[in-house]
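Engineer: here is the input, now give the coordinates:
(chains A and B)
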Number of protein chains: 2
Amino acid sequence: MNKQLLLSCFALLWATLASQAQNVSQYVNPLIGTKGMGHTFPGACVPHGLVQLSPDTDTIPHNVDGVYQPDAYRYCAGYQYDDPTIVGFSHTHMNGTGHSDLGDILLMPTTGAIQLNPGTAQVPSTGYRSAYDHASETARPGYYTAYLKDYGVRAELTATPRVGVHRYTYPKGEGNLIVDLNHGIYNYQGKTLWSSLRVENDTLLTGCRITNGWARFNQTYFAISLSKPIVRYGGKEVGNQSVYKGFWRKFDQEHNFPEMGGRGLCTYFVFDCSDGQPLEVHVALSAVSTKGALKNLRAEASGHSFDQLRQEAERQWENALSVIQAKGDADILGSFYTSLYHTFINPSVYMDVDGRYRGIDGNVHRAGEFTNYTVFSLWDTFRALHPLFNLIDPNKSHDMLASLLAHYGQSVHKALPVWSHMGNENWCMIGFHGVSLLADGIAKGTISNPKALQAMVSSSNVPYYDGIASYKRLGYVPLEENASAASITLEYAYDDWTIYRTAKLLGDTATAHAYKQRATSYRNVFKPGLGYACARLADGNWKTDFNLYDTSGQGFVEGNSLNYSYFVPHDVKGLIDLMGGDRQFIRRLDKLFTDTLPPSAYAHTEDVTAEGILGSYVHGNEPSHHIAYLYMWTSQPWKTAERIRQIFDHMYRNRIDGLCGNDDCGQMSAWYVFSALGFYPVCPGTSQYVLGAPALQEATLQLAGGKTLRIETEGLSKENKYVKAVYLNGKPYRKAYLTHEDLMAGGTLRFIMSAKPNKRAYADRDKPYSMSNE
Amino acid sequence: MNKQLLLSCFALLWATLASQAQNVSQYVNPLIGTKGMGHTFPGACVPHGLVQLSPDTDTIPHNVDGVYQPDAYRYCAGYQYDDPTIVGFSHTHMNGTGHSDLGDILLMPTTGAIQLNPGTAQVPSTGYRSAYDHASETARPGYYTAYLKDYGVRAELTATPRVGVHRYTYPKGEGNLIVDLNHGIYNYQGKTLWSSLRVENDTLLTGCRITNGWARFNQTYFAISLSKPIVRYGGKEVGNQSVYKGFWRKFDQEHNFPEMGGRGLCTYFVFDCSDGQPLEVHVALSAVSTKGALKNLRAEASGHSFDQLRQEAERQWENALSVIQAKGDADILGSFYTSLYHTFINPSVYMDVDGRYRGIDGNVHRAGEFTNYTVFSLWDTFRALHPLFNLIDPNKSHDMLASLLAHYGQSVHKALPVWSHMGNENWCMIGFHGVSLLADGIAKGTISNPKALQAMVSSSNVPYYDGIASYKRLGYVPLEENASAASITLEYAYDDWTIYRTAKLLGDTATAHAYKQRATSYRNVFKPGLGYACARLADGNWKTDFNLYDTSGQGFVEGNSLNYSYFVPHDVKGLIDLMGGDRQFIRRLDKLFTDTLPPSAYAHTEDVTAEGILGSYVHGNEPSHHIAYLYMWTSQPWKTAERIRQIFDHMYRNRIDGLCGNDDCGQMSAWYVFSALGFYPVCPGTSQYVLGAPALQEATLQLAGGKTLRIETEGLSKENKYVKAVYLNGKPYRKAYLTHEDLMAGGTLRFIMSAKPNKRAYADRDKPYSMSNE
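Structural biologist: Just a heads-up that it's a prediction; the model follows:
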């Protein structure tokens, strides 16, 4: 074999190895974030599935008869790692929210005497819950298992988009299955408006659970198929009691009565498990009807074994996650792929297999051309999650944007969603950031719906929404009118900029002009002299006794002025000027990341806690997510790399309590995914990704049209955290940002890392976008 | 002019006059039955419309916090004639039930300060209700008006099948419209599970009211269009309060907020009425969705004025009522046409204009080939109401039977309805009399659905329904198992006979044989020696301390043994034998109609009261309705005519309190319609109508296929109450019954009346059907 041939062989071998994608799912640990504040859930789902089937270890309402329940916040996702018992496995969850709901349709396998209440963690034997331990628990993408000690039952879960799949291996004898329609996350008497269960035949159940919670009127219909025939069954109202029972009393509704109904129904089913065969249960959901649920059941699960469905779920995860093939040390890969996993949970499909879904107007619509999604926590996710989808899955992103526009079309307010929540609007947080998603999607070619601009303009003019009328009149939201006035003003200014930007792109000069003006409104809350955002009164005066550090009572929400003032992503140059120019701005940023924030400053805010704080910089909540990148607009851009490395090391750790704050439907994770790749979309609506410093040794992104973007690093290490040089397709790259076009064209992006900043190289770069420069 | 020509002219003139139908609606008084026990409503509807728009004068729950409210029963239809105030006008009612529900979507015009609670009748000014009086009130078929004194508002109502139409003439100035979604008949805190209202634009509202009452989970969606633009509006939760209000608090939801929602919402709308023009309001209902309600609104009402819609409603009533052109004295015509009117209210259309309706399984179905109906109070109406429809409107009857079969197809119990109630089953009363309707429809050629027999058999075998399992095993329902055991046994025996009869007709010999056997089960509760039906224990022993007269605690329901024992309509001969033969049977019947029933005997039963009692015979409740006709099986058949005349004179009077008991969805009225014509369907499922004695001087029935049946009398008067002879198409008619074929063939039926019975003529007649004679 001559040398030439040998080299050719090596090349071929290399190419073969490279084309064989590694198993990336192995790096995901769904338990990350389940201890402490992450509010993630460890259960089984497929990417963006409606069904997110997961163990609930407790569910506590915030407020019971007017008494605040301090532990309630811990149970946003129903599961806390340190809890000793599992109540059961419910089918709907949200990934990392800071507020609670769902946990609908709980199943729990038990043995022995029937218990129709969950009991307490202190005395599990008082109810159907069971002790378990982590030694016998496994959580993988698409699969979850735990051993329920009280009953000797091995519980395994997997899922399809609309079907929760259970396999329960009971000890030989009789096995019970509890189906608790009263159970829910953030439960309280009165939340369950109605629940019903029909025993259609000895292996098929249908029913519903209708709640008034965070989602104001949430309808969950289900169809459940069972692999073994029911031997006997029953149920009763365990929570709220129907006021009127009427002529139903003529039946023994608690035993073998196939049409159970009530305000808080808990039911049980007994099976003969003496053959040692496990019970497999398919639970299909629909927001439309039990007929819809049955269609979903038959389309996605019927005729398939648990193992087949598990394999399919795992295949879907591997397929989704391998959109980025990354290399790096194991901890980094753990954090990276777990983050990527978390970005693929919400939004969730909200549509039956036949395209029918329940709209915000309560009516059933047919999606037709798109897949309808819900769970848009837009105040969080406009920042990086949706820009991430525009990069790695524009088709999915298109459908999410189409879902927003459908919501707009059904909205009586003629507004895009603020927080789309299972066919409901929950109005959580501030701004109207649906406009940001559309602007980013239009700027990046993800969507070109001619109605989008109209929807954006309409959403920005709902006069009774969070001070918009005053904002339009005064240029800011006055504090008397809204306790979050200063935060809101900053966010409206950015949102208005996205409308300006879109109108300009689409050639609507008049709208562009008007909204460019509105986009400068952030300036109206920057107090001269102070140079920070400050709440302002209707008469133009500034709030007195203003406190920069306090997250409460200052006109800000889930953040203090010290952090929130940087929220001018569309005009960082203008911001720098307001803060006193380049040097002063850098000094302030340095101080932000180093000075300690007194705990008293965030005592009143759930989502801002010590875990998520670096100096005074709060990463545990979203308003600050872009701040580390703002150095890139200054004369000391290399400091971005320093701060990002700090955030990597402190806020995202490859362990159960690795998340520093709520994952917030994937925004916290999306920050990591972008930043680990080496860039971040500071201002969605531009096509720019501001350069940071990668955490991954190498990554290959599968892009639309079969293209790939290969990101390489040279010398990346603990010490080598600075980017000395960047090469795009072999050529030196001179800008401080990459463009969407750069990335989508595919090719190779190479970061040369160094232990010391190459200050000159950094300084030479073209600064990213600022509106003031237009 | 020669004599011949003159005679021809007279003949022509006569024919012309005869062909010009009289206005029969004029005889109807919708107020009859609104005072006392009739439980009718005086408001506006069209025949069998979903919308039955009527004033509610009060609504009282039976039970408040465990305390029984004795007045609740009076308000089944929401209106009591003696009440001094009107609370408002709600859109759903039931005609003459003995239990309460509905009263959904109440509108009330007011002026001055907004009040969002109804206030009390004692102090009307404490709420939005208003004083009114009967002098300024008019109730006509399809039209109702009252003058609301507190506000100086003239209120007028009319309706289409699915749309309530209001015209409110306010004094000049601002007029208010209350839309109370908390209001309902039989209301209590907790009944309204959810209510919502969207202000789509300044003349269009949509929303829903969802309740848990007699109908277990009743969904009423609406769309409301307004002839004037809303000036301002608002609303709040006035009844039940949502436990969780969440981020909706960011809005002022009580003022001009277009997406109101809550558990007991009351809303208001203010209009500029300074132009003196009335406000016209269209309120469309749908059980499917607001989208469905909007379709209904546009199909039935949009573009039409109040006056046009009123004319159309009146035309529909005249058209429906003139199916029978009757002559007689004014009081008789008043009773007759008011009865006929009452038979055309329930069942009600339960389907959107596009054919979609909500089924008993909670799903939305498309009817396709038939109009879907609800409000089947079958224990009442199997007796005469549905047989009447088979005679005068087989197409409508066909669709009602198809509705029953659709219900069966959706029933988890695989059972026909017992009491179909707005997409719900309320299980009121006993038996499974859906089988009677199908048997009668099949016997009379109204329906020929091959699934009918299967549905009938299945309905008779639901093992957990009211003692059926024991009934099949023992031949009767034992008293230990069911407090109504003896009544149930009698009714099951008849129901089983209808299955026997149908199976025989369809050639299913095996089923016929089995059910002929079951149909004799009535004998198992006739106590030997006593010769009356008596409750029996599981061990075969008879109830001790048995009381023939008491309606409570004896194993009977809404009747005592003295009356109920005659409920063997399918085997009167067998019954006569059990009672000791012809003479003894006659003696008992005579005694029944003459001996006084002690009030203590019916003290515990709502529907059996002194008003509806003749001797000991209880006409105010249904089990006795056929009894007067049983003489026709005996050697003294003329006594039927005597008893019927007594019932005419005492139980049906042409005045506000003219009804002796609940109209029971038209059954009480259907008795009158048949009996006034001269015959009655004692045993639905046979094609026989047992001859009685007419109350009308003359009547012409429009029959299917353009045929007419002319009923004439000769000599009918106060004294001439006996039928001396009957002629059918000029020929002497010798049977004690007419057949369906006789009637449907059309022609002339002539009753020759006499003051004394022609005993021989009576005795010569062929006796009507008895199973024992087969």
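
Engineer: do a quick rundown of the helices in the stretch 1-150 of chain A.
Structural biologist: Here the stretch 1-150 of chain A has its helices, by DSSP state H, counting those that start in this stretch, at A:3-19.

Engineer: what sits up against the helix or strand where residue A:645 lies?
Structural biologist: Applying DSSP states H and E as the criterion places residue A:645 in helix A:639-651. Contacts with helix A:639-651, where a contact means CB atoms under 8 Å, 6 or more residues apart in numbering or on different chains, come from A:335, A:586, A:589-590, A:593, A:612, A:614, A:617, A:619-620, A:627-632, A:659-661, A:672, A:675-676, A:690-693, A:695, A:721-723, A:757. Yep, even glycine has a C-beta here, placed from its N, CA and C like the rest.

Engineer: tell me the buried residues within those.
Structural biologist: A:335, A:586, A:589-590, A:593, A:612, A:614, A:617, A:619-620, A:627-632, A:659-661, A:672, A:675-676, A:690-693, A:695, A:721-723, A:757 (16 or more other CB atoms under 10 Å in any protein chain shown).

Engineer: give the buried residues for stretch A:641-649.
Structural biologist: A:641-648.

Engineer: for residue A:700, state which of these is nearest.
Structural biologist: Of all these, residue A:700 sits closest to residue A:648, with 20.4 Å by CB to CB.

Engineer: and the helices in the stretch 301-450 of chain A?
Structural biologist: Using DSSP H, counting those that start in this stretch, helices in the stretch 301-450 of chain A cover A:306-321, A:330-343, A:378-381, A:385-392, A:394-410, A:434-443.

Engineer: need the buried residues of stretch A:641-649 in a markdown table (columns: distance to residue A:511 and pLDDT).
Structural biologist: Output for the buried residues of stretch A:641-649, formatted as a markdown table (distance: CB to CB, whole Å; pLDDT from 0 to 100):
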| residue | distance to residue A:511 | pLDDT |
| --- | --- | --- |
| A:641 | 39 | 97 |
| A:642 | 41 | 96 |
| A:643 | 37 | 97 |
| A:644 | 36 | 97 |
| A:645 | 42 | 97 |
| A:646 | 41 | 96 |
| A:647 | 37 | 96 |
| A:648 | 40 | 96 |
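
Engineer: and the residue most central in space within chain A, what's its pLDDT?
Structural biologist: The C-alpha lying nearest the average C-alpha coordinate of chain A belongs to residue A:665 (CA atoms, centre = their mean; 1.0 Å). On the pLDDT scale, residue A:665 is placed at 97.

Engineer: ditto for residue A:71
Structural biologist: pLDDT, read off for residue A:71, is 78.

Engineer: for it, which non-adjacent residue is closest in space?
Structural biologist: residue A:60 (5.3 Å; CB to CB, 6 or more residues apart in numbering or on different chains).

Engineer: tell me how many other residues surround the one you found.
Structural biologist: Neighbourhood size, residue A:60 [other CB atoms under 10 Å in any protein chain shown]: 17.

Engineer: what's the answer for residue A:252, then?
Structural biologist: Quick note: residue A:252 (other CB under 10 Å) scores 10 neighbours.

Engineer: same thing with residue A:361?
Structural biologist: 20.

Engineer: if I look at residue A:579, how far off is chain B?
Structural biologist: 30 Å (CB to the nearest CB, to the nearest Å).

Engineer: wait, residue A:127
Structural biologist: From residue A:127 to chain B the distance is 22 Å (CB to the nearest CB).

Engineer: ok but the residue nearest to the centre of chain A is inside a helix, no?
Structural biologist: Yes: with DSSP: H, G, I helix; E, B strand; the rest coil as the criterion, residue A:665 is part of a helix.

Engineer: now do the contacts for it.
Structural biologist: A:94-97, A:345-347, A:375-377, A:380-381, A:385.

Engineer: same thing but at 6 Å, please
Structural biologist: A:95, A:346, A:377, A:380-381 (CB atoms under 6 Å, 6 or more residues apart in numbering or on different chains).

Engineer: one more: residue A:96?
Structural biologist: A:38-40, A:662-664.

Engineer: ok, so of those, who is nearest residue A:655?
Structural biologist: Using CB to CB as the measure, the one of the contacts of residue A:96 that approaches residue A:655 most closely is residue A:38, at 10.8 Å.

Engineer: can you count the residues close to the closest one?
Structural biologist: Quick note: residue A:38 (other CB under 10 Å) scores 28 neighbours.

Engineer: next: residue A:255.
Structural biologist: Residue A:255 has 12 nearby residues by other CB under 10 Å.

Engineer: list the contacts of the residue nearest to it when sequence neighbours are not counted.
Structural biologist: Counting by CB to CB, 6+ apart, residue A:255 lies nearest to residue A:234, which is 4.5 Å off, once chain neighbours are set aside. Shown in contact with residue A:234 (CB under 6 Å, 6+ apart): A:254-255, A:268.

Engineer: list the contacts of the closest residue to residue A:361 other than its chain neighbours.
Structural biologist: Nearest non-adjacent residue to residue A:361, counting by CB to CB, 6+ apart: residue A:410, 4.2 Å away. Shown here is residue A:410, whose contacts under the criterion CB under 6 Å, 6+ apart are A:359-361.

Engineer: need the contact partners of stretch A:386-406.
Structural biologist: Taking CB under 6 Å, 6+ apart as the rule, stretch A:386-406 contacts A:323, A:347, A:370-373, A:416-417, A:434, A:437, A:440-441, A:444, A:446-447, A:449, A:455, A:670, A:681, A:684, A:704.

Engineer: chain B contacts on chain A?
Structural biologist: Contact residues (CB under 6 Å from any CB of the partner chain) of chain A with chain B: A:188, A:190, A:193-194, A:198, A:212-214, A:216-217, A:242-244, A:246-247, A:250, A:258-259, A:261, A:289, A:291, A:363, A:412, A:426-428.
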